[in-house]
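> Take this sequence and fold it.
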Amino acid sequence: MGATVVATSCWLRLRELAPSLAEAERRVADYVVREGKAVPALSITELAERCGVSEATVVRVCKRLGLRGYQELRIRLSAELATEQPQLAGEVRRGDGLEEACRKLFAGMVAALEETLRVLDRSQLERVVERVDSARRVDLYGVGASGVVATDAALKLLRIGIQAQAFTDPHLQATSAALLGRRDVAIGVSHSGSTKDTVEALRVARQAGAFTVAVTQLGPSPITRVADAVLNTVAREPLLREAATSSRVAAMAVLDSVFAGVLLRRYGLAVRALERTREALVGRKY
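You can find the predicted model right below:
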């Protein structure tokens, strides 16, 4: 399975490119990402004026996307809008009824899952699955909502015989990372990619010789610089960011994909391990 670059939308590709662009080019990218539905109706002159840049800058951004020019960008955006699945978009706001709030949250989660699947690099996923399957030990790092994601993944991997453990305390993360070696895997979960404790733990793990994996949003960030493999997520939740709703679901889905891949590679052993752990836990239920 190869990467899904061709299927990636202009919106997602611009969002990924934006941090690496020059200031003027970044203004164009940010505007298109933010106001994508309005762009097909704008001439290149109108877009340049709204962004406070030259027409040549707009063309350079289009070239960065691998397009011939602005006209092709307009056509691509129009096509994407025409095929876009209708969703109840928007943030949960004061005055929303409970049903409307639920619909908005569910729509955001569905969109995050669909867009994450679209950008997920299959070759990177297979590489991570292979390393996790053969690892002596798999340590996962995350804080806050990302710590919940790391803990969930560790429990699932443990159930199929992988020696996995999640660390959400910064001191324990650093201790764990320092003790890893070449047969081990360290996975850092951070939607922003800038969580200092998680980034530092992954850096220490890499220095110790472990294979490092970052689960983070699309685009360059500090955590991607210390990772041997990157599994990207996509989630739009600017006002509810602290609640980490869609981003948490997207990251869980990515790590569930790793779990499924490992399970398939060791299917017989994994099924037996699941049966044994289920038997061990049956007495804990009424």
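
> Point me to the helix or strand that includes residue 93.
Secondary structure assignment for residue 93, by DSSP states H and E: no helix or strand.

> Ramachandran coordinates for it?
phi -130, psi 160 (degrees, to the nearest 10).

> residues in contact with it?
With contacts taken as C-beta atoms under 8 Å, 6 or more residues apart in numbering, residue 93 has no neighbouring residues. In this view, the C-beta of every residue, glycine as well, is placed from N, C-alpha and C.

> Over to residue 159?
Residue 159 touches 273, 274, 277, counting by C-beta under 8 Å, 6+ apart.

> just residue 235 next, same as before
Per C-beta under 8 Å, 6+ apart, neighbours of residue 235: 108, 112, 115, 116, 191, 217, 246, 247, 249, 250.

> Return the helix or strand in this protein with minimum mean pLDDT.
Lowest on mean pLDDT, DSSP states H and E among the helices and strands of the chain sits helix 10-17, with a mean of 79.

> about what we covered before: so among the contacts of residue 159, which ones count as buried?
Burial by neighbour count, 16 or more other C-beta atoms under 10 Å: within the contacts of residue 159 this picks out residue 273.

> Tell me which helix or strand the nearest residue to residue 52 once chain neighbours are set aside sits in.
Ranked by C-beta to C-beta, 6 or more residues apart in numbering and with sequence neighbours excluded, the top spatial neighbour of residue 52 is residue 27, at 6.4 Å. Under the criterion of DSSP H and E, residue 27 resides in helix 23-34.

> circling back: quick one: mark the members of the contacts of residue 159 that sit in helices.
Among the contacts of residue 159, the ones falling in helices (DSSP state H) are 273, 274, 277.

> now, which of those sits nearest residue 78?
Lowest distance from residue 78 to these (C-beta to C-beta) belongs to residue 274, with 48.2 Å.

> If you rank the contacts of residue 235 by neighbours, which is first?
Neighbour counts for the contacts of residue 235, by other C-beta atoms under 10 Å, peak at residue 247, which reaches 29 neighbours.

> I figured it was touching residue 112, is that so?
Yes - using C-beta atoms under 8 Å, residue 247 makes contact with residue 112 at a distance of 7.0 Å.

> who touches both of those two?
233, 235.

> which residue ranges form the helices in the stretch 51-200 of the chain?
With helices called from DSSP state H, counting those that start in this stretch, the stretch 51-200 of the chain shows them at 55-64, 70-83, 98-119, 122-134, 145-159, 170-178, 196-207.

> Who are the contact partners of residue 80?
Counted by C-beta under 8 Å, 6+ apart, residue 80 has contacts 9, 10, 11.
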